[in-house]
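J.: Quick one: sequence plus predicted model below, questions after.
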Amino acid sequence: MNESPSDRDVSFFKPHGTAMQGVVRVIKFILLGWLVAIVGFQFFAYFLEVSYSELLLTDLVFFNLPIQFWLSGQLLPLWFIILCVLFNIWMDRHTVQATEGSLRFRIKSVKGEDE
């Protein structure tokens, strides 16, 4: 009940501590990678449509799907899943490194068992 206002001021935009700043930095890189893929594909499709390669949008097929459908409907969700897996791998390694120097369990010995 006696929480200070600073205890509740945890924000993505104002991270406190080096650990949270590292996590926020990685989250920003993941979101930036996803945004670049989405916007990059839109520019790629627009460039193919207005350039001499308009036929590529209608003629290219991948797994029996038109290339623009496959890129937007299959590759972008797959790219998001890959980014999530990379983030989880990073978080696992980051958590292990943060807890390496600490004791997680303390076992108290009984005097009669050590002898």
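T.: Yes, it's here. Residues are numbered from 1 along each chain as shown.

J.: quick one: terminal-to-terminal distance for stretch 12-22?
T.: Distance between the two ends of stretch 12-22: 11 Å, counting by C-alpha to C-alpha, to the nearest Å.

J.: what's the distance between it and the middle of its chain?
T.: Distance, stretch centre to chain centre, for stretch 12-22: 16 Å (C-alpha atoms, centre = their mean, to the nearest Å).

J.: Would you mind listing the buried residues in that stretch?
T.: Buried residues in stretch 12-22, counted by 16 or more other C-beta atoms under 10 Å: residue 15. The way it works is simple: take the backbone N, C-alpha and C, and place the C-beta from them, glycine included.

J.: so for it, what's the average pLDDT?
T.: Model confidence over stretch 12-22 averages 76 on the pLDDT scale.

J.: In this protein, where is pLDDT below threshold?
T.: Per-residue confidence of the chain (counting by pLDDT under 70) places the weak regions at 1-8, 10, 52-56, 97-115.

J.: Longest helix in it, please.
T.: Under DSSP state H, the helix in the chain containing the largest number of residues is helix 18-50.

J.: Check which helices and strands that helix sits against.
T.: Here helix 18-50 is seen to pack against helix 54-59, helix 76-99 when contacts are counted using 3 or more C-beta pairs under 8 Å, 6 or more residues apart in numbering; DSSP states H and E.

J.: Next, the angle from that helix to helix 76-99.
T.: Relative orientation of helix 18-50 with respect to helix 76-99: 160 degrees, computed using axes from the mean of the first three to the mean of the last three C-alpha atoms, to 10 degrees.
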